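Colleague: Model the following, please.
(2 chains)
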2 protein chains.
Amino acid sequence: MSHHTRIEHLGKPRVLIIGGGFAGIELAKSLRDVDVQVVLVDRQNYHTFQPLLYQVATAGVEADSIIHPFRKIFNGQDNFYFRMAEVEFIDTANRVVETSIGLIEYDYLVMATGATSNFFGDRAMEEKAISMKSLDDALTLRNTILKNFEQALQIEDDEQLNSLMDYVIVGGGATGVELAGALSELRKHVLPKDYRELNFKEMDIHLIQSGPALLKGMSAEASEKALKFLEDFGVNVWLNRRVKSYDGCTVTLDTGETLITRTLIWAAGVSGAPIKGIQKESILRGDRLKVDIYNRVSGYDNIFAIGDIAAMITEEYPFGHPMLAQPAIQQGEQLGKNLCNIFSGKPLEAFTYDDKGSMATVGRNRAVADLKIFKKEYKTQGFLAWLIWMFIHLISVVGFRNRLVVTVNWLWSYFTYDTGNRLIVGNKQENIPVEETISHKAVV
Amino acid sequence: MSHHTRIEHLGKPRVLIIGGGFAGIELAKSLRDVDVQVVLVDRQNYHTFQPLLYQVATAGVEADSIIHPFRKIFNGQDNFYFRMAEVEFIDTANRVVETSIGLIEYDYLVMATGATSNFFGDRAMEEKAISMKSLDDALTLRNTILKNFEQALQIEDDEQLNSLMDYVIVGGGATGVELAGALSELRKHVLPKDYRELNFKEMDIHLIQSGPALLKGMSAEASEKALKFLEDFGVNVWLNRRVKSYDGCTVTLDTGETLITRTLIWAAGVSGAPIKGIQKESILRGDRLKVDIYNRVSGYDNIFAIGDIAAMITEEYPFGHPMLAQPAIQQGEQLGKNLCNIFSGKPLEAFTYDDKGSMATVGRNRAVADLKIFKKEYKTQGFLAWLIWMFIHLISVVGFRNRLVVTVNWLWSYFTYDTGNRLIVGNKQENIPVEETISHKAVV
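Modeller: Numbers count the residues shown, from 1 in each chain, chains lettered A, B, ... in the order given. Predicted coordinates:
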């Protein structure tokens, strides 16, 4: 495809942003009043609030309430143009990107493509595991969980039944911990009412963490308390284990132990999602792009990278910044300022990460938070942390209407111990039908 | 597949209900305190509130907020069992139905399978048109509308552009009128902000009605006012026309006139959705099942039909009752009573339809309502009718949480002239790619 995509030429510098995650939309917003043309390209027409994907997956909130159309976010921004397309190649010599809808020229290119699940080359795992990176992933998991229990009603064989009722989550970071907690709350409060015919003592939730502690990067207090909360909820936490293989039914750990499940959730390694055309020398381990302190991709003067895809190696962060919302947002904002500096011939300002801390929620009234406020550290676990977690996440969800809908959902489930969205909808990705792996027995 | 589905045998009469629409869930509820086993089979795990499908399709409300999981609706009902399955055949001699998950025995069978779009044998139409009967349909339409405008940005040729921006709705009943109204509100308040690069004077909305008036079955005042409201909104209403053919681009009317569109919405004929195994003599024109005044399918003493699939021919209703929510709900309730009468050896009571009137909304502040209250008729059009329409639909949506979410959406869009759910999500049914039918021109 060699035609050019139809986008008005404004005769102004064009900043082309690939990817509308936290970093991409923050940058686009920060260029609101700047005399440039901002073009955002994303394969979806909406921004996803990734921190709440796990709640979509566990039927806690509506899918629609954690995503927000780009065109709506930027309704009032005249210099903003959106194109829904997949970027296939970057022709850095000609300053043009090849996309599924044609060529798009740029003066400044910003890679904000985020991260993707890293299966370390294990194809079988990639095929059989469910990731937790996109809305599609979250809906796939929701549908899978609900279909599993619908199917379990038909199963007599104990091992087959366990394979449908048990869950293995790989990765003890925030997503893994939050998923394990949410699943155990479903097991306690919701599923036994929905499936009276099943015995939920048979439902096991396993969380596998490669290191000696959960929530790597958080304080020891937070890790320990999260572990205690999960154990109180009856989650089986396996520390110091890695998953060696998974064939769609048996999970084999590096210690030789095995677990049986038809649903393995991959909340472990992520890697950057670079696009072809960037020189090899600029791509670091984990497929992240090497950037300088101005988020400029090494080897280019008009290509930048922000968010998870960017690896800014500093003394304090020898492996780059943590792949979280906060560094992404702050880099987007800082790059906005620096682009202005470029346009007005001013010197660039180095990016410095203002770490505001991190938090994770395990379930009702139980969260852990390491906060940094004016450089002072505050650690709290339990009810207060949970209130803070809810407040921060609520105000961060994009769109006032979405915030209202999420609030309604949270209040509802808090007072009723019920989650409303137990719906098998739309997502066509099918599991291997049980018939193929499990022999039905005739029961009259 | 010949194994039996695993459902406890309670040693009580088993009432098997096929289909969880308005009729099916009303019947299941009415058997709450009766000493029977109620088994509901549906191909989805949720009940759909069909009257608001058009709002999902036009981005007005969240998909999840108009559907409700069966297991949640019947959480407290001990005699209720649900199975998610497709029913393939009814073996009336052996009192068993064949389903996608195995055989299910019954003592009493209730067909509540509703209606399906009737394309009168026109295969091309069936393939190219979008129906408005299920949540999948509504999401397909929402995705199609939004993708059309994303694609339109790339098109230069006027005819191709019009084919993407114009909409043809076939059928001037409530669904057609409501869709036309909602589309014209999108055109006025929402889309021009989202797609500044397109000229929305080019967007035409056509509504085609076979008869001389809209909203057949409602009063002349209602039809005329609905027509006026639509014309005020700039909808092109074509009365006394039928669609002769549609090839995915050109709509040909029986008058020879043609319209160009890539999106034809079929809100016209419906027919019953009977299941193989019922004797031919009991199936009437339009594939509805002939029932007596007790909703018993003719030729059987233990098979009943309620809702859209049932044709109860009476003097007042020579073609059966209107295929609407009210007759379905009332038949479900009455059949519940009559099954109790059967169990206790009492005589059956004839069904009589209590017509409470009907209504349709055209848009903000504009609706038409023909109400019957204590057998007195009240007709109203405009703001009051709109308030009544909203109130009735809000209280009818199943689930308190859903009502809250719908309320939030409605209040939000009323005050902001904005609809929030302009999201292209999950639904994989692709249109024919524009590339295949439209030749791109190279534009620099």
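Colleague: helix, strand or coil for the residue nearest to the spatial centre of chain A?
Modeller: Residue closest to the mean C-alpha point of chain A, counted by C-alpha atoms, centre = their mean, is A:Lys133 at 3.8 Å. Three-state assignment for A:Lys133 (DSSP: H, G, I helix; E, B strand; the rest coil): coil.
Colleague: What residue in the stretch 251-400 of chain A comes nearest to chain B?
Modeller: In the stretch 251-400 of chain A, the residue that lies nearest chain B is A:Gly399 (6.8 Å; C-beta to the nearest C-beta). Quick note: C-beta positions are derived from backbone N, CA and C, even for glycine.
Colleague: Now the phi/psi pair for that residue, please.
Modeller: Main-chain torsions, A:Gly399, degrees, to the nearest 10: phi 100, psi 130.
Colleague: nearest spatial neighbour of it, skipping sequence neighbours?
Modeller: A:His68 (4.7 Å; C-beta to C-beta, 6 or more residues apart in numbering or on different chains).
Colleague: For that neighbour, the count of nearby residues, please.
Modeller: As a burial measure, A:His68 scores 24 neighbours (other C-beta atoms under 10 Å in any protein chain shown).
Colleague: Same check on the one 4 residues further on?
Modeller: Neighbours of A:Lys72 under the rule other C-beta under 10 Å: 22.
Colleague: Could you do the one 10 residues further on as well?
Modeller: Burial of A:Phe82 is recorded as 25 neighbouring residues (other C-beta under 10 Å).
Colleague: before we move on, what about A:Ser344?
Modeller: A:Ser344: 8 neighbours (other C-beta under 10 Å).
Colleague: next one: the one 5 residues further on
Modeller: By other C-beta under 10 Å, 12 other residues sit near A:Glu349.
Colleague: close enough to count as contact, it and A:Ile342?
Modeller: No - A:Glu349 lies out of contact with A:Ile342 (C-beta atoms under 8 Å); the separation is 11.2 Å.
Colleague: Can I get the strand or helix carrying A:Leu339 as PDB, trimmed to CA atoms?
Modeller: Applying DSSP states H and E as the criterion places A:Leu339 in helix A:325-343. Output in PDB follows, covering the C-alpha atoms of helix A:325-343 (Å, rounded to 0.1, in the frame of the first residue of the first chain):
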ATOM      1  CA  ALA A 325       1.200   4.600  34.700                       C
ATOM      2  CA  GLN A 326       3.000   7.300  36.600                       C
ATOM      3  CA  PRO A 327       6.400   7.300  34.700                       C
ATOM      4  CA  ALA A 328       4.400   7.100  31.400                       C
ATOM      5  CA  ILE A 329       2.200  10.100  32.300                       C
ATOM      6  CA  GLN A 330       5.100  12.200  33.600                       C
ATOM      7  CA  GLN A 331       7.200  11.400  30.500                       C
ATOM      8  CA  GLY A 332       4.300  12.400  28.200                       C
ATOM      9  CA  GLU A 333       4.000  15.700  30.000                       C
ATOM     10  CA  GLN A 334       7.700  16.400  30.000                       C
ATOM     11  CA  LEU A 335       8.100  15.600  26.400                       C
ATOM     12  CA  GLY A 336       5.300  18.000  25.600                       C
ATOM     13  CA  LYS A 337       7.300  20.700  27.300                       C
ATOM     14  CA  ASN A 338      10.500  19.700  25.500                       C
ATOM     15  CA  LEU A 339       8.800  19.700  22.100                       C
ATOM     16  CA  CYS A 340       7.800  23.300  22.800                       C
ATOM     17  CA  ASN A 341      11.400  24.000  23.800                       C
ATOM     18  CA  ILE A 342      12.500  22.600  20.500                       C
ATOM     19  CA  PHE A 343      10.000  24.800  18.500                       C
END
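Colleague: Having no further points to raise, I will conclude here.
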